[in-house]
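1. Mind folding the following:
(2 chains, ligands or ions: 1)
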Amino acid sequence: MSQLLEPFLQALQALNRVEAQNILCQATDRQTSIELVEELVVPALEEIGRGWEEGSVALSQVYMSGRICEELVDLILPQSAPERKKQPNMAIVVLEDYHFLGKRIVYSILRASGFELADYGRMTVEELVVRTQADGLELLLVSVLMLPSALRVKALRAKFDELGLKTKIVTGGAPFVFDENLWQEVGATAMGRSASEAIEVITQIMEGKL
Amino acid sequence: MNSLQRVLTTLSHQEADRVPLCLLFSLHGAKELGLSIKDYFANPAAVVEGQLRLRAKYHHDCIYTFFYAPIEVEAWGGEVIYSDDGPPNSGEPFIRRLEDILTLEVPAVKATPCLGKVFEATALLKAQVKDEVPIIGVVMSPFSLPVMQMGFDKYIELIYEQPTLFAHLMQINEAFCAAWANAQLEAGATAICYFDPVSSSSIIPKELYLQTGFEVAKRTLAQIKGPTATHMASGLCLPIVDALAQTGTAILCTSALEDLAIMKAACRGKLTVLGNLNGIEMRRWTVAEAEAKVKEALAKAGKGGGFILADNHGEIPWQVPDEVIRAISEATSKWGTYPLTWLEEEV
Ligand code: B12
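-> Purely as a prediction, here's the structure:
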């Protein structure tokens, strides 16, 4: 598997969907779909995420490669596949903001990593409280681009606490990247600097470490 | 030395009387006047008053006629969504299908009411400050505007997958951008700040930039009849400094995520560096932290001119308290007065 990682990464970085698909299909004879996702797709996406955090990979590459992986993984691991990780019960939302690309990328990358999650689109604090309670979410991923939207997470956390909701909030988006203390200030459980950091954070939450 | 002389001196890579400070205020004028953000931008006279009051309060070296980025989609008939405590945002993209690109028409800038407010504010400000303070007008680059025209995801796909439609959209946006910039210069703007964060290395890789945003910038800046600054809106730009210097721009604005000393060295003799105080963090700085951040920036980039101190995004957020802004201004006077002898003493 590890010898496939480099060519797979290269195919993704060159946005060569056909080549990426070939590499993945070659390996399907030897591995189960979920193994492929975990040993090939996730490490590749994590590598790309690290590159974005260091500044060596640009957002357009993160977006396009995430989209390719999401499509490929949907082929080998359809939405209804029992192997898909349905835990924790989670959703992603854009909170009182009009910028959707961050959410779109995180959603794609999580799905390409074998997770299943609900996409709430854009919501206000009030709408989100109602929906989170109704769906009994364990984890809510919040994406924002504007600073005022980031600050609204504080009100969201307060409403959750008032209602006794234990739902954990993980934040991400530019304001959290520019102010590293902001996630704590607004009462989030954690933040991710990149979409693939979301995978790490969710894994830690599942292991009870956060 | 007046503000314009101070800025011109630093642009020629000489030390002025002190390091110029450009506090790039858009929203704060509304606060000064006690108006909602929406009412403030509806009235050019309010923007004029806001800019003048802010300058009287903080003694910085520019007037900034930036209203909000989505004013440019408003000009094309797009929607603007206001907020009580933050900048207006663009609503639903008006290019819904790729074919729409083929029938787009460039708005006549001088006959477009929302842009007219900017021209009016610029002319009134020019009458007040004359040639003493540079008036900085703003345009979105033809290459960055499509994020608001069609949505970011669709636009990235267009760049990679639809070269012909992409080229067509650039042609239209270049004509709009040049006309909009030149009309601001005619109204009295001293220089134009060209916002081009999609070109930043945070958003697209260098190789792609050289084929796209770089060519667009060269063509567009050549049509703008005045000096320009290029702003990456806090996106990274160190990897493309050399190319940026070839676009014809005079000033480069750098991100708080980049090292100012490295940036200054890379730009030396080619570009003046503007930046790079972190506007998002600024919201929670203490007065002492503000002073320390100013000192750090001056120490890294102040010597020899070629530097203007500013925030790193081209807009100080609404949430930044007045005492922090005052501390930035006072620290610039205290530590930014040339020659920066304290630098040697502190070593
Ligand atoms: C390109 C850019 C522009 C472009 C396009 C913007 C757009 N998307 O519509 C243009 C020139 C149009 C622009 C305009 C404006 N911009 Co602008 N812009 C940027 C820039 C450089 C990148 C923004 C972007 O879209 N990135 C792509 C997204 C997907 O990246 P991201 O949010 O960081 O997401 C990544 C990670 O953070 C993570 N992530 C995201 N969500 C989540 C969620 C979870 C749970 C996890 C784990 C991870 C995660 O994964 C993503 C992929 O790796 C940023 C500065 C920067 N360096 O980031 C400023 C920035 C977003 N802009 C800003 C502002 C204010 C504006 C304007 C409002 C200015 C104005 N007054 O008009 C306008 C509004 C535009 C509009 N749409 O209405 C501010 C917002 C913060 C603030 N001050 O409130 C920023 C952050 C600059 C700054 N440092 O202050 N801008």
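2. Show me where chain A has its helices.
-> Read by DSSP state H, chain A holds these helices, from start to end of the chain: A:2-13, A:17-28, A:33-36, A:42-54, A:59-76, A:101-112, A:125-135, A:147-151, A:153-162, A:174-178, A:182-185, A:195-206.
3. Now find how far off-centre the third one is within its chain.
-> Averaging C-alpha coordinates over helix A:33-36 and over its chain gives two centres that are 18 Å apart (CA atoms, centre = their mean, to the nearest Å).
4. what does that helix rub up against?
-> By CB atoms under 8 Å, 6 or more residues apart in numbering or on different chains, the surrounding residues in contact with helix A:33-36 are A:1, A:24, A:27-28, A:76-77, A:81, A:83, A:114. The C-beta positions use only the backbone N, C-alpha and C, and glycine is treated the same way.
5. What's the first helix or strand after the helix or strand where residue B:57 lies?
-> Taking DSSP states H and E as the definition, one finds residue B:57 inside helix B:44-58. Beyond helix B:44-58 in the direction of the C-terminus, DSSP H and E gives the next helix or strand as strand B:63-64.
6. What lies in contact with that following strand?
-> Outside of strand B:63-64, the residues within contact range by CB under 8 Å, 6+ apart are B:22, B:24-26, B:51, B:55, B:125, B:129, B:133-136, B:138.
7. is that strand anywhere near the ligand?
-> No. Among the residues of strand B:63-64, none lie within reach of the ligand under CB under 6 Å from any ligand atom; the closest is 11.1 Å away.
8. what comes up buried for the helix or strand bottoming out on mean pLDDT in chain A?
-> Taking mean pLDDT, DSSP states H and E as the measure, the helices and strands of chain A show their lowest mean at helix A:33-36, namely a mean of 87. Residues A:33-34, A:36 are the ones in helix A:33-36 that count as buried (16 or more other CB atoms under 10 Å in any protein chain shown).
9. need those residues in CSV with distance to the ligand, can you?
-> Formatted as CSV, these follow (distance: CB to the nearest ligand atom, whole Å):
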residue, distance to the ligand
A:33, 25
A:34, 22
A:36, 23
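10. which of the residues in stretch A:159-178 are buried?
-> A:159-160, A:165, A:167-178.
11. what are the ranges of the helices in the stretch 151-300 of chain B?
-> Along the stretch 151-300 of chain B, the stretches classed as helices by DSSP state H, counting those that start in this stretch are B:152-161, B:163-187, B:206-211, B:213-223, B:241-245, B:260-267, B:279-282, B:287-301.
12. most tightly surrounded among these?
-> Each of the helices of the stretch 151-300 of chain B was given a mean neighbour count from mean count of other CB atoms under 10 Å in any protein chain shown, and the largest, a mean of 22, is that of helix B:279-282.
13. what's the offset of that one from the middle of its chain?
-> Relative to its chain's centre, helix B:279-282 lies at 16 Å (CA atoms, centre = their mean).
14. cool, and stretch A:14-22?
-> 22 Å.
15. of all the contacts of strand B:63-64, which comes closest to chain A?
-> Out of these, the one with the shortest distance to chain A is residue B:26. That distance is 13.5 Å, counting by CB to the nearest CB.
16. Can you report how many residues lie near that closest one?
-> By the other CB atoms under 10 Å in any protein chain shown criterion, the neighbourhood of residue B:26 contains 26 residues.
17. Could you list the low-pLDDT ranges of chain A?
-> A:1 (pLDDT under 70).
18. Domains in it, by residue range?
-> Under automatic domain parsing, the residue ranges defining each domain of chain A are A:2-82, A:87-206.
19. right, so those: which one is the most enclosed?
-> Per-residue neighbour counts averaged over each of the domains of chain A give the maximum for domain A:87-206, namely a mean of 20 (mean count of other CB under 10 Å).
20. where does that domain sit relative to the chain's centre, distance-wise?
-> Mean-position distance between domain A:87-206 and its chain equals 10 Å (CA atoms, centre = their mean).
21. Wondering if that domain reaches the ligand at all.
-> Yes. Using CB under 6 Å from any ligand atom, we find that domain A:87-206 touches the ligand at A:99, A:101-102, A:105-106, A:141, A:143, A:145-147, A:170-175, A:177-178, A:192, A:194-195, A:197-198.
22. Then stretch B:181-195?
-> Yes. With CB under 6 Å from any ligand atom as the criterion, the ligand is reached by stretch B:181-195 at residue B:195.
23. Between the two ends of that stretch, how far is it?
-> Stretch B:181-195 has an end-to-end distance of 12 Å (criterion: CA to CA, to the nearest Å).
24. re the thing from before, dump the helices of the stretch 151-300 of chain B to TSV, plus mean pLDDT and distance to chain A.
-> Output for the helices of the stretch 151-300 of chain B, formatted as TSV (pLDDT from 0 to 100; distance: least, CB to the nearest CB, whole Å):
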stretch	mean pLDDT	distance to chain A
helix B:152-161	96	4
helix B:163-187	98	13
helix B:206-211	97	7
helix B:213-223	98	11
helix B:241-245	98	14
helix B:260-267	98	12
helix B:279-282	98	4
helix B:287-301	98	12
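25. The residue in the stretch 1-150 of chain B that chain A sits nearest to: what's it in contact with?
-> Residue nearest to chain A within the stretch 1-150 of chain B (CB to the nearest CB): residue B:86, separated by 3.8 Å. When the contact criterion is CB under 8 Å, 6+ apart, the partners of residue B:86 are A:146-149, B:27, B:37, B:317-318.
26. so who does the residue in chain A sticking out farthest from the centre touch?
-> The outermost residue of chain A, judged against the average C-alpha position, is residue A:29 (28.1 Å), by CA atoms, centre = their mean. By CB under 8 Å, 6+ apart, residue A:29 lies in contact with nothing.
27. for residue B:178, what are its contacts?
-> Contacts for residue B:178 were tallied using CB under 8 Å, 6+ apart; they are B:220, B:223-224.
28. Can you tell me the closest non-neighbouring residue to it?
-> For residue B:178, the nearest residue in space outside its immediate sequence neighbours is residue B:223; the separation is 3.8 Å by CB to CB, 6 or more residues apart in numbering or on different chains.
29. do you know how far the one you found is from residue A:107?
-> 40 Å (CB to CB, to the nearest Å).
30. Could you count how many residues lie near residue B:113?
-> A count of neighbours around residue B:113, defined by other CB under 10 Å, yields 8.
31. Check residue B:162 too.
-> Taking other CB under 10 Å as the neighbour definition, residue B:162 ends up with a count of 15.
32. likewise residue B:269?
-> Burial measure for residue B:269: 8 neighbouring residues, criterion other CB under 10 Å.
33. can you count the residues close to the closest residue to it other than its chain neighbours?
-> Using CB to CB, 6+ apart and skipping the chain neighbours, the partner closest in space to residue B:269 is residue B:13 (6.4 Å). By the measure other CB under 10 Å, the count of residues near residue B:13 is 16.
34. helix/strand/coil for residue B:13?
-> Secondary structure of residue B:13, reduced to three states by DSSP: H, G, I helix; E, B strand; the rest coil: coil.
35. In contact with it, which residues?
-> The neighbours of residue B:13, taking CB under 8 Å, 6+ apart as the test, are B:268-269, B:272, B:304-306.
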